[in-house]
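Colleague: My questions are about this predicted structure, shown below with the sequence.
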Amino acid sequence: MATLSCSGFLGTGWSLSASKLTFLLNANPLATGTQSLLLSPPESAPMVETLIDAQACKKTFVLDTNVFLYDPNALFVFKQHDIVIPITVIEEIDRFKKNGDDTGRNARMFSRHMDAFRKRGSLSQGVRAEAGGLIRVVMTHGKDPLPVGFGGQTNDNLILQTVLGLHKADGGNNVILVTRDTNMRLKADSLGVQAEDYENAHIDIDEQYGGSKDLQVEPEVIQDIYGDGFSDWEGKNGLYPNQFVLLTSLADSNQTAMARFDQEKQRLVRVGRHKEGVWGIFARNKEQLFALDLLLNDDIPLVTLDGRAGTGKTLIAIAAGLRKVTDEQTFRRMLVSRPIFPLGRDVGFLPGDLEEKLNPWMKPIFDNLELLLSNPDTPSVNRSPERGAAYQPLIDQKIIEVEPLTYIRGRSIPRQFMIVDEAQNLTPHEVKTVITRAGEGTKIVLTGDPKQIDNPYVDATSNGLTYVVERFKGSSIAGHVTLRKGERSVLAEKASQLL
């Protein structure tokens, strides 16, 4: 009888029962398990009896403070595996719970989760979670001091000391430190302890959905697109809802057409050229045309636009919003918002009332409004100070509102064209809060660059914008475009490429 480690999956036809894992081995690998299990093989399996210790499948994950500040529900994503929380993590969480930002909210939620487990049993002995794993809080006893060179008794080192003690007691590789701190992972590795990033809600940025693709088709498909405005091409089945395609004729590479997949009607729909422009803004590349197609479509209430700096994400979104609010009056007002995160060192407290305090943070939005609403023949340097900003009358009439996301919780926002700029600085929970504010008839547009992040608690693979793109790519009420070509200036485009 052989003993195997638990990995892989269960072959077709196997059945489970408790006590131990005995089966007649076939060509398939075996399933993981949290207990010893008995497998009854299918009759066709070869007659080789094997015993698996299912307990070897179980891991112990030690979670760092930054994991819970990012996701307070991390306690519930490790399924059957054990979770260990060093007492130092509890102490660090306690310092954040009074914060008024999202980290404070996450700290308080984590504390409530832990208190609920405490009511069910002793956390020092371990409380069984619904998925089967134990959740424990452990003390640092100092029995396993860190090697020379690790410095003093910092909180990071106390957590590492706890992990090292568990690793030695385990005697194997079943203890894993989970932290979003790169240096903590490096330190753990130097101690011979496994360490991993917290990858729940992470998206592979290199494989992120871009919203468009190139396809080669028969000439008749392109003729239908131009002649009828749509095509019932059979090859559309592999497309996502509202995905754009650049169609190229198999007979003539110079014959092309741009279309969007309409899932409701199961057809490719022609993308308009918008030659008349939108509030003085003319699309300069196909991605900007794709973006305008989504922004001006009232049947798509959620639009996400990403791309590097200077690709026109915010400007196009505001131009489309102005048309929908002022020209077509589809929405009551345009609400433009952005999270407040400084680039570099914060300047501290700002003087003035709320509007004056917010002005530096909202300046990028005001710059775009000024560009769209000012007369190009009247340079700003020659404009009379009494005239004020060109957009001020629209703000005074409540046609345009510009505000931070700080006060959005609890609101209901009906019939508004809402733009959230710099959405890459939001966590998945924050972006959920924003989208769930949408009332009847509201359109939400998220813009940002996943490679320019100022929030220390998210990165290019775990931010709210990337998360929404991935989760909504299969939904017919959402559309996404990645803008690739910079149009701000030659200098800005070259800087995005080289720096």
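Modeller: Looks like it came in fine.
Colleague: Low-confidence regions, this structure specifically.
Modeller: 1-56, 142, 172, 201-207, 341-361, 375-389 (pLDDT under 70).
Colleague: if you set the cut-off to 50 instead, what comes out?
Modeller: Scanning the chain for pLDDT under 50 picks out the ranges 1-54, 342-347, 375, 377-387.
Colleague: Tell me where it has helices.
Modeller: 65-70, 87-96, 102-120, 155-170, 182-190, 219-228, 286-295, 313-322, 354-373, 392-396, 428-435, 464-472, 490-498 (DSSP state H).
Colleague: For the third one, buried residues please.
Modeller: So that's helix 102-120. Neighbour counts using 16 or more other Cβ atoms under 10 Å place 102-103, 105-111, 113-114, 117 of helix 102-120 among the buried residues. For glycine as for every other residue, the C-beta is placed from the backbone atoms N, C-alpha and C.
Colleague: One more: stretch 82-98?
Modeller: Those would be 82-86, 88-90, 92-93, 96, for stretch 82-98 by 16+ other Cβ under 10 Å.
Colleague: coming back round to it: mind putting the helices of the chain into CSV with distance to K58?
Modeller: Formatted as CSV, these follow (distance: least, Cβ to Cβ, whole Å):
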stretch, distance to K58
helix 65-70, 20
helix 87-96, 21
helix 102-120, 19
helix 155-170, 11
helix 182-190, 20
helix 219-228, 54
helix 286-295, 47
helix 313-322, 46
helix 354-373, 48
helix 392-396, 59
helix 428-435, 28
helix 464-472, 29
helix 490-498, 47
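Colleague: So for R411, which of the ones you listed sits nearest?
Modeller: helix 428-435 (9.8 Å; Cβ to Cβ).
Colleague: Touching, G441 and F331? I think so.
Modeller: Yes. Counting by Cβ atoms under 8 Å, G441 touches F331, with 7.2 Å between them.
Colleague: So which of the two has more stuff around it?
Modeller: F331 (21 against 15; other Cβ atoms under 10 Å).
Colleague: Could you measure from the residue nearest to the more buried one when sequence neighbours are not counted over to D298?
Modeller: Among residues not flanking F331 along the chain, F417 sits closest, at 4.4 Å (Cβ to Cβ, 6 or more residues apart in numbering). From F417 across to D298, the span is 10 Å (Cβ to Cβ, to the nearest Å).
Colleague: again, but for A460
Modeller: A460 is 32 Å from D298, by Cβ to Cβ.
Colleague: Between the two, tell me which one has more neighbours.
Modeller: Comparing A460 with D298 by neighbour count (other Cβ under 10 Å), the higher total belongs to A460, at 19 against 11.
Colleague: what sits against G211?
Modeller: 242-244, 290, 479-482 (Cβ atoms under 8 Å, 6 or more residues apart in numbering).
Colleague: measure the nearest residue to L394 once chain neighbours are set aside to L294 for me?
Modeller: Nearest residue to L394, sequence neighbours excluded (Cβ to Cβ, 6+ apart): I400, at 4.5 Å. Here I400 is placed at a distance of 21 Å from L294 (Cβ to Cβ).
Colleague: what's the first-to-last distance across stretch 307-317?
Modeller: 13 Å (Cα to Cα, to the nearest Å).
Colleague: Find out how far it is from the centre of the chain, if you would.
Modeller: 19 Å (Cα atoms, centre = their mean, to the nearest Å).
Colleague: and for that stretch, what are the contacting residues?
Modeller: Against stretch 307-317 from outside (Cβ under 8 Å, 6+ apart): 278, 281, 283-284, 287-288, 291-292, 295, 303, 305-306, 364-365, 368, 371-372, 419, 421, 445, 447-449, 451-452, 482-489, 492-493, 495-496.
Colleague: one more time with 7 Å
Modeller: Applying Cβ atoms under 7 Å, 6 or more residues apart in numbering, the external contacts of stretch 307-317 come out as 281, 288, 291-292, 295, 305, 368, 419, 421, 445, 447, 449, 451-452, 482-488, 492-493, 496.
Colleague: got the CA coordinates for stretch 407-422 in CSV?
Modeller: Only the C-alpha atoms of stretch 407-422 are listed here, as CSV (Å, rounded to 0.1, in the frame of the first residue of the first chain):
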residue,chain,number,x,y,z
TYR,A,407,-19.4,61.4,1.2
ILE,A,408,-21.1,59.0,-1.2
ARG,A,409,-21.9,56.3,1.3
GLY,A,410,-25.7,56.0,1.8
ARG,A,411,-26.6,58.1,-1.1
SER,A,412,-29.0,57.2,-3.9
ILE,A,413,-28.2,58.8,-7.3
PRO,A,414,-31.0,58.6,-9.9
ARG,A,415,-31.0,59.9,-13.5
GLN,A,416,-27.4,61.2,-13.4
PHE,A,417,-24.4,60.8,-15.6
MET,A,418,-21.8,59.9,-13.0
ILE,A,419,-18.1,59.9,-13.8
VAL,A,420,-15.6,58.5,-11.3
ASP,A,421,-12.1,59.6,-12.3
GLU,A,422,-8.9,57.9,-11.1
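Colleague: And that stretch, what's buried?
Modeller: Buried, per 16+ other Cβ under 10 Å, within stretch 407-422: 408, 413, 416-422.
Colleague: wait, which of the contacts of G211 is closest to P428?
Modeller: Nearest member of those to P428, counting by Cβ to Cβ, is H480, at 16.0 Å.
Colleague: List only buried entries from the contacts of stretch 307-317.
Modeller: 281, 288, 291-292, 295, 305, 368, 419, 421, 445, 447, 449, 482-483, 485-487, 493, 496.
Colleague: For the residue nearest to F331, list each beta-bridge partner.
Modeller: On the basis of DSSP bridges, F417 is bridged to M334, K443.
Colleague: ok, now how distant is it from L296?
Modeller: 11 Å.
Colleague: N66 contacts T179, correct?
Modeller: Yes. Counting by Cβ atoms under 7 Å, N66 does reach T179; the two are 6.3 Å apart.
Colleague: Neighbour count for the two, which is higher?
Modeller: Neighbour comparison, N66 and T179: the larger count goes to T179, with 24 against 19 (by other Cβ under 10 Å).
Colleague: quick one, what contacts the more buried one?
Modeller: 64, 66-67, 185, 195.
Colleague: Buried subset of those, written for ChimeraX?
Modeller: Selecting only the buried entries of these in ChimeraX, with 16+ other Cβ under 10 Å as the criterion:
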select :64,66,67,185,195
